[in-house]
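K.L.:
Predicted coordinates and the sequence they were generated for:
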Amino acid sequence: MLQFIRKMSNKIQQRPLILCGPSGSGKSTLLGKLMKEFPNRFGFCVSHTTRKPRPGESNGKHYHFTSREEMSNAIKNGEFIESAEFSGNIYGTSKKAVDCVLSDGKICILDIDVQGVKQVRNTDLNPWYVFLKPPSLEELEKRLKARKTETDASLKLRLDVASKEIEYGVQPGNFDLVVINDDLEHAYEQLKEFVDKNRILETDSALQEEKEIEDPIIG
Ligand SMILES: Nc1ncnc2c1ncn2[C@@H]1O[C@H](COP(=O)(O)OP(=O)(O)OP(=O)(O)O)[C@@H](O)[C@H]1O
């Protein structure tokens with residue numbers, strides 16, 4: 001009976017987690033750490049984009065890389081919960097990508113920008129909203145330059161947009177949590193504490209116990 005209850009409670013869909021923040025604020029870095037530590041609990045919702053892959057990015061893992069025509073048609077068909085144009089490219093989260101994580105029984109993690117957050121608010125996704133704030137615009141610029149992914153023009157655009165996004169991000173009521181990504185480990189601890197406090201990880205230990213019951217260690 002206990003096992004049955006545990007199984008049922010694990011099937012209850014938990015609220016997705018949105019990590020929002022300016023480009024370069026460290027979203028991918030923090031989500032990567034969370035997914036690495038809890039690979040069975042969280043599933044990354046893979047967005048679509050019309051931008052070209054950066055070195056090291058693979059299709060279906062970091063993004064679904066697609067064409068402008070294909071993506072525009074899919075958006076028109078209502079296949080996306082949010083989409084936005086940034087720096088000449090379209091980015092968006094498809095309903096299918098969210099369902100893919102949910103059907104796996106995992107907590108869906110979304111990495112989206114402020115425009116996307118505003119659109120998600122009009123859906124029934126009901127996620128937790130976390131905003132990641134860089135310690136300063138100067139530090140953000142340094143990190144983006146060090147990442148070596150931007151041209152002068154795309155760097156400038158990212159920094160221009162960042163100040164507006166931060167203004168929205170820190171406004172009371174817009175996010176459930178604001179994390180300042182100064183020291184990476186400290187920022188990660190704050191994110192984990194939030195996730196824990198809201199019991200997003202509640203079933204993690206139950207899952208582990210269940211696994212032990214189902215797969216008894218025979219000594
Ligand atoms: N606390 C930190 N201290 C120093 N460097 C950091 C910190 N957090 C992230 N970085 C570095 O800053 C750069 C930007 O981080 P990351 O790529 O995770 O940002 P992002 O928000 O996912 O950006 P984008 O939206 O453009 O994909 C990376 O090179 C990362 O290694």
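P.N.:
That came in fine, so what should we check first?
K.L.:
who's in contact with residue 150?
P.N.:
144, 158 (CB atoms under 8 Å, 6 or more residues apart in numbering). Where C-beta positions appear, they are placed from N, C-alpha and C, glycine not excepted.
K.L.:
secondary structure element for it?
P.N.:
Assigned by DSSP states H and E, residue 150 falls within no helix or strand.
K.L.:
next one: the one 4 residues further on
P.N.:
Element membership of residue 154, judged by DSSP H and E, is helix 152-169.
K.L.:
Where do the strands of the protein begin and end?
P.N.:
Residue ranges of the strands in the chain, as given by DSSP state E, are 17-20, 42-44, 48-49, 64-65, 80-86, 89-94, 107-111, 128-133, 177-180.
K.L.:
What's the per-residue pLDDT of residue 200 here?
P.N.:
In this prediction, residue 200 carries a pLDDT score of 66.
K.L.:
and the strands of the chain as TSV, adding mean neighbour count and mean pLDDT?
P.N.:
As requested, those are exported to TSV (neighbours: other CB atoms under 10 Å; pLDDT from 0 to 100):
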stretch	mean neighbour count	mean pLDDT
strand 17-20	24	97
strand 42-44	21	92
strand 48-49	21	97
strand 64-65	16	98
strand 80-86	19	93
strand 89-94	21	96
strand 107-111	24	93
strand 128-133	22	98
strand 177-180	18	98
